[in-house]
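Student: The sequence isn't on hand, but the structure is:
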């Protein structure tokens, strides 16, 4: 696996990513507070058949931040600039959490550039109560508040694999740039329905995965997205929560490997 830093336009600054394997390109987008390293199990497994490129989201890892008022559409424009800079065509795209929001929005707005899209622990049409709670957390983060333990407790149970993943995630959250984290979280808090009406416009194979214990990226959300997409499919992993790619890597890798071979319409 190699780590690369590219210069995008002056507007976007630098892009940092990890790459392994060869073949058709698979681009991976992590969630808020994480970094490209969070895709370790998927990079290891899927690089056997694909050129896997895990991007550091703006303001995370080695990638430059977006302006502090950036919203989901700005992250989608950044992704398009990144894919262009990497000279990629016919991309397989997978995202986790905030990365899933970006991936869904990109699939809806740039369908001609993708062959398939997968959303892990994605959010979709939160209730007003849930949306208000997430926006309140975003406002606290923007004001300088950073609560490490609350999300970790929400995301992980007590099993050995979950506790190992919790320690990894705790390390990444502890290292994150607080400004980049706040900007991304603000876009995440307000972006759950930005492209919700356009899921039905996504023509390629569409996979939505979550854990049955994820109270914020719920099984109902994954099923609703899959039902809206013409070639949608949902998978709910029992006994897991928000970080399924780390706590249930074998199940996630198998599902993604199957998704990567699914035939479907491409633009």
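Tutor: Arrived safely, thanks for sending. No experiment lies behind these values; they were computed from the predicted model shown.

Student: So what's the residue count around residue 38?
Tutor: 26 (other Cβ atoms under 10 Å). Just so you know, the C-beta spots here come from the backbone N, C-alpha and C atoms, and that holds for glycine as well.

Student: Where does pLDDT dip in the protein?
Tutor: In the predicted model of the chain, residues 264-267 satisfy pLDDT under 70.

Student: So which residues of it form helices?
Tutor: Assigned by DSSP state H, the helices in the chain fall at 40-46, 72-85, 98-109, 128-142, 149-155, 160-175, 178-190, 219-228, 244-247, 249-259.

Student: Export those to CSV and append columns for distance to residue 60 and mean neighbour count.
Tutor: As requested, these are arranged in CSV below (distance: least, Cβ to Cβ, whole Å; neighbours: other Cβ atoms under 10 Å):
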stretch, distance to residue 60, mean neighbour count
helix 40-46, 15, 19
helix 72-85, 11, 19
helix 98-109, 10, 26
helix 128-142, 14, 15
helix 149-155, 15, 14
helix 160-175, 9, 15
helix 178-190, 6, 22
helix 219-228, 24, 19
helix 244-247, 16, 26
helix 249-259, 21, 17
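
Student: now the ones you listed in JSON lines, with distance to residue 55?
Tutor: Below are these laid out as JSON lines (distance: least, Cβ to Cβ, whole Å):
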{"stretch": "helix 40-46", "distance to residue 55": "12"}
{"stretch": "helix 72-85", "distance to residue 55": "6"}
{"stretch": "helix 98-109", "distance to residue 55": "9"}
{"stretch": "helix 128-142", "distance to residue 55": "22"}
{"stretch": "helix 149-155", "distance to residue 55": "21"}
{"stretch": "helix 160-175", "distance to residue 55": "15"}
{"stretch": "helix 178-190", "distance to residue 55": "13"}
{"stretch": "helix 219-228", "distance to residue 55": "22"}
{"stretch": "helix 244-247", "distance to residue 55": "15"}
{"stretch": "helix 249-259", "distance to residue 55": "16"}
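
Student: quick one: which of the ones you listed is nearest residue 10?
Tutor: Comparing those against residue 10 with Cβ to Cβ, the closest turns out to be helix 72-85 (11.2 Å).

Student: what does that closest one contact?
Tutor: By Cβ atoms under 8 Å, 6 or more residues apart in numbering, the residues outside helix 72-85 that reach it are 6, 8-9, 12, 15, 17, 27, 29, 55, 57-58, 66-67, 91, 98, 101-102, 105-106, 109-110, 113, 184, 187-188, 190-191, 194-195.

Student: Of all the helices of the chain, which one is nearest residue 207?
Tutor: The nearest among the helices of the chain, by Cβ to Cβ, is helix 249-259 at 4.5 Å.

Student: so what does the closest one touch, helix or strand wise?
Tutor: Secondary-structure packing of helix 249-259 (3 or more Cβ pairs under 8 Å, 6 or more residues apart in numbering; DSSP states H and E): helix 40-46, strand 114-120, strand 206-211, strand 232-237, helix 244-247.

Student: for the second one, packing partners?
Tutor: Translated: strand 114-120. Going by 3+ Cβ pairs under 8 Å, 6+ apart, strand 114-120 lies up against strand 91-96, helix 98-109, strand 206-211, helix 249-259.

Student: Could you spell out the sheet neighbours of it, each with its direction?
Tutor: Here strand 114-120 is paired, per DSSP bridges, with strand 91-96 (parallel), strand 206-211 (parallel).

Student: Return the distance of that strand from the chain's centre.
Tutor: 10 Å (Cα atoms, centre = their mean, to the nearest Å).

Student: now the strands paired with strand 114-120 in JSON lines, with mean neighbour count?
Tutor: JSON lines is the format used below for the strands paired with strand 114-120 (neighbours: other Cβ atoms under 10 Å):
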{"stretch": "strand 91-96", "mean neighbour count": "26"}
{"stretch": "strand 206-211", "mean neighbour count": "28"}
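
Student: could you redo those as a markdown table and give each row distance to residue 75?
Tutor: Listed next are these as a markdown table, based on distance: least, Cβ to Cβ, whole Å:
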| stretch | distance to residue 75 |
| --- | --- |
| strand 91-96 | 10 |
| strand 206-211 | 19 |
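
Student: Looking at those strands, which is nearest to residue 127?
Tutor: Of all those, strand 206-211 comes closest under Cβ to Cβ, at 16.3 Å.
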